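Asker: My questions concern the predicted model and sequence given below.
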Amino acid sequence: MRSGGSMRVLICAPTSREYRAMRYALDNASSLKHSYDLVEVGIGKALSAAGVARALTLATAPYDMLAVVGFAASALGRKQGDIVMPSRAIHHDAIIPENFCPEITDPRQLQGKDAETVFTGDSFVNADIIREIKSRFGVENGLFDMEIAAICQVAELYNNIPVVAVKYVSDVPEEGHSEQSYEEFADAHSDFTPLLQRLELL
């Protein structure tokens, strides 16, 4: 990764709503330090990995970084509206004996400086699932999404492109938030300029 200079960044938005919010931010930015391409990669581990791989294969020049943007659930300790740039990602639904398949179970390092791990799995999480994940991994906090750890694996295949995640906390299920809480928050945050501003600081 280039330090302090301009980078060529591929922004990966899992959903069409996240894509539109980032498209709006990019189109309305007066000036930008980095050069950005934006792609909607799809929801879930398989679809997002395929979407990122397709974008990288079709790219006319290499990227310095992949940026995954959007919404994520959080464990207790964060509140709706927080912007988090986690420092590592791991599959929470890869139930595999220790050391048996490390290419799947090992955590991936992210370029964010926040101490949280983002736990990736092919399901929405509720309070019970979050408590089980926290107990299994021995953590008290964390974010929960459906794409980042899989996108990291694709980045490794393409010359170890660094990955950063910039996520809005959309819901905290342990505080009683539901799918409706997520929908209401996402509807109210259709401009990802605050997330773009975080990328501009890299």
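Answerer: All right, it came through fine.

Asker: ok, the closest residue to residue 111 other than its chain neighbours - how many residues close by?
Answerer: Leaving aside its sequence neighbours, residue 111 sits nearest to residue 164 (Cβ to Cβ, 6 or more residues apart in numbering; 3.9 Å). Every C-beta, even on glycine, is put in place using the N, C-alpha and C of the backbone. The number of residues packed near residue 164 is 23, by other Cβ atoms under 10 Å.

Asker: and what of residue 27?
Answerer: Neighbours around residue 27, by other Cβ under 10 Å: 8.

Asker: From residue 20, how far off is it?
Answerer: Residue 27 is 10 Å from residue 20, where distance means Cβ to Cβ, to the nearest Å.

Asker: picking up where we left off before, go ahead and confirm the residue nearest to residue 111 touches residue 195.
Answerer: No: in terms of Cβ atoms under 8 Å, residue 164 does not count as a neighbour of residue 195; the distance is 10.7 Å.

Asker: residue ranges for the helices of the protein, please.
Answerer: With DSSP state H as the criterion, the chain has helices at 16-27, 45-58, 102-105, 127-137, 148-157, 179-188, 193-200.

Asker: Figure out which of those helices is closest to residue 89.
Answerer: Taking Cβ to Cβ, helix 148-157 is the member of the helices of the chain nearest to residue 89, at 4.3 Å.

Asker: any idea of the angle the closest one forms with helix 45-58?
Answerer: 30 degrees (axes from the mean of the first three to the mean of the last three Cα atoms, to 10 degrees).

Asker: what does helix 148-157 contact?
Answerer: By Cβ atoms under 8 Å, 6 or more residues apart in numbering, the surrounding residues in contact with helix 148-157 are 12, 41, 45-46, 48-49, 52-53, 56, 66, 68, 86, 89-91, 103, 108, 110, 118-120, 161-163, 165.

Asker: Buried subset of those residues as a ChimeraX selection?
Answerer: Buried residues among the contacts of helix 148-157 (16 or more other Cβ atoms under 10 Å), as a ChimeraX selection:
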select :12,41,45,48,49,52,53,56,66,68,86,89,90,91,108,110,118,119,120,161,162,163,165
